[in-house]
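In: Fold the following and give me the result.
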Amino acid sequence: MRSLRIGIVLHGQLVEERLFSGPVTLGQSLRCALSVPSDGMPREHTLFTVDQGRFVLHLTPAMQTRLAGVTGGVLERGARGRIMLGDASILFQEIATPPAAPRPRLPASLRGTLSDRVDRRLAAIIGASLLAHIGIAAYAWTQDVETAPLGAPTAARDYQQETIDITVPDFSPAQPGAASPVAPVQTPAPIVHHPTHITTTPHAPPRLGDDDSQRLASILTGADETPSGPGSMHARQPGADLDKQLEDASHHTVTIGNNDHTTRTGRQDLGVTPDHPPIDDPMLTRADPTHATERGGRVTLSPVKTDTRTTLTPAAVLDKIQGAYMAGLERCYKKGLAGDATLTGRVSVSFTVDIHGGVTDPEASGVSPQVDACISGQMSAWHFPFPKDQDGDPTDVTFHVSLALQPS
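Out: This next block holds a predicted model:
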């Protein structure tokens, strides 16, 4: 059998040498048997084929060759040559296929046997562990007890229903004049246990007699003196007419009050003092003299003014004050009205909204120091959207507003 010995030389350096026994492909593709990334190299080209045991050379117009022993493209025995294509040179030689090299093996004296390769100590440990596991599994299998599934009732399995048959002698009275027969002595019958179903009947509650019923009715509806006071109804006997009892109750005089059984005469005088109305008249009320009447007030906002044009408009500030902070202003005015019921006037308010939307430099003046200080404290907790100038940069802006205070 013949083979081709092919070597590839790039820039004067041997980069690959291989032995082929079949067709050989050459090109830049990685699928080629000889992949050569060189300029001028075809993508994929079959350089050698095999025809009837001989190699056939296939050249392209761009290839330059130096051949020996090649006739009509067929390689004779011992043919050789050089194919130049771009920067690469392909050297080939037709040779006899060399015999396959034997697989390297150690000498028998070094290889040893299978028993030589096994660690005796490790094998003993593994064998003992395996025997112990098998013994534990066998013991558990023989000692396994069948149990009911989890949650299954066990009463039907454990409870054994039994019954006992008892022979009851006949105790019926003897007929007059008849001799009493002598009962023969009988051997007691053996007790036979037969599984059967036992049915139990619940005992009915004891019923009250007529005397008990009458005594209970007298206790519940009696008119006798008790620690809680006298009764208010006549004793209703069992079976009495209900209409008659209702009519008796409607004409019965009910007394309320202390243990002297006095009626509430003079009720119109209770709670009467020289400076308060009687409480017998439901239309009259008595005011608590210690509670002062809280006066209400109304706060009106004038349009908000500012000298700086920002994204935070005066209209937005006015809406925020009226919607969220008006209740606080009214509370400040009510505190002032508690000390002076005729307090009225205007309060000049100014504040600055910083780049974070908080209020700085709150000032309020115009009505009273108490109301002005309360309004200034309220403004310190106000918060608005942070303002921006015409260039979109955060900035501070000052607002002025007037508050009209009027009592309601």
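
In: Output the contacting helices and strands for whichever strand or helix holds Ser376.
Out: Using DSSP states H and E, the element containing Ser376 is helix 369-380. Identification of packing neighbours for helix 369-380 by 3 or more C-beta pairs under 8 Å, 6 or more residues apart in numbering; DSSP states H and E yields helix 326-339, strand 345-353, strand 359-365. For the C-beta atoms, the positions are set from N, CA and C on the backbone; glycine is no exception.

In: and Ser35, which of the ones you listed is closest to it?
Out: If you check each of the helices and strands packed on helix 369-380 against Ser35 by C-beta to C-beta, strand 345-353 wins as the nearest, at 75.5 Å.

In: Direction included, what does the closest one pair against?
Out: Using DSSP bridges, strand 345-353 pairs in its sheet with strand 359-365 (antiparallel), strand 397-407 (antiparallel).

In: quick one, which of these is packed in tightest?
Out: Ranked by mean neighbour count under mean count of other C-beta atoms under 10 Å, the strands paired with strand 345-353 are led by strand 397-407, which reaches a mean of 18.

In: by how many degrees do that one and helix 369-380 diverge?
Out: Note on geometry: by axes from the mean of the first three to the mean of the last three C-alpha atoms, to 10 degrees, strand 397-407 and helix 369-380 are set 140 degrees apart in direction.

In: for this structure, what are the low-confidence residue spans?
Out: Applying pLDDT under 70 to the predicted model, the residue ranges of the chain that meet it are 148, 151-161, 168-296.

In: Domain map for it?
Out: With domains defined by automatic domain parsing, the chain comprises 2-96, 297-407.

In: nearest to Leu122, of those?
Out: Once C-beta to C-beta is applied to the domains of the chain, the stretch that comes out nearest is domain 2-96, at 45.8 Å.

In: The closest one spans what distance, first to last residue?
Out: The stretch domain 2-96 measures 4 Å between its terminal residues, going by C-alpha to C-alpha, to the nearest Å.

In: And stretch 311-322, what's buried?
Out: Burial within stretch 311-322, assessed by neighbour count using 16 or more other C-beta atoms under 10 Å, is assigned to Leu312, Val317, Leu318, Lys320, Ile321.

In: how many neighbours does the closest residue to Gly27 other than its chain neighbours have?
Out: Of all residues not flanking Gly27 in the chain, Glu44 sits nearest, at 4.1 Å (C-beta to C-beta, 6 or more residues apart in numbering). Counted with other C-beta atoms under 10 Å, the neighbours of Glu44 add up to 14.

In: got the helices and strands packed on helix 369-380 as CSV, with distance to Thr49 columns?
Out: Rendered in CSV, the data for the helices and strands packed on helix 369-380 read as follows (distance: least, C-beta to C-beta, whole Å):
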stretch, distance to Thr49
helix 326-339, 101
strand 345-353, 91
strand 359-365, 95
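
In: closest one to Val70 among the ones you listed?
Out: In terms of C-beta to C-beta, the element of the helices and strands packed on helix 369-380 nearest to Val70 is strand 345-353, at 98.6 Å.

In: mind listing what's buried in that closest one?
Out: By neighbour count with 16+ other C-beta under 10 Å, strand 345-353 contains the buried residues Val347, Val349, Ser350, Phe351, Val353.

In: Phe55: which of these is nearest?
Out: Val353 (95.2 Å).

In: Next up, the contacts around that closest one.
Out: In this structure, Val353 makes contact with Leu312, Val317, Val359, Thr360, Phe384, Phe386, Pro387, Asp396, Val397, Thr398, Phe399, judged by C-beta atoms under 8 Å, 6 or more residues apart in numbering.

In: List the beta-bridge partners for it.
Out: When bridges are assigned using DSSP bridges, the partners listed for Val353 are Val359, Val397.

In: and it, how far is that from Leu318?
Out: With distances defined as C-beta to C-beta, to the nearest Å, the gap from Val353 to Leu318 amounts to 13 Å.

In: what about Leu301, how many residues close to it?
Out: Taking other C-beta under 10 Å as the neighbour definition, Leu301 ends up with a count of 16.

In: I should have written Gly27 there, sorry.
Out: As a burial measure, the neighbour count of Gly27 was computed by other C-beta under 10 Å and equals 20.

In: can you check Leu110 too?
Out: Leu110 has 7 neighbouring residues, counting by other C-beta under 10 Å.

In: Same check on the one 5 residues further on?
Out: The burial count assigned to Ser115 is 8, neighbours taken as other C-beta under 10 Å.

In: do the one 4 residues further on as well
Out: By other C-beta under 10 Å, the residues close to Asp119 number 9.

In: same question, His133
Out: Residue crowding around His133 was assessed by other C-beta under 10 Å; the count is 10.

In: Before I go, just wanted to say thanks for your time.
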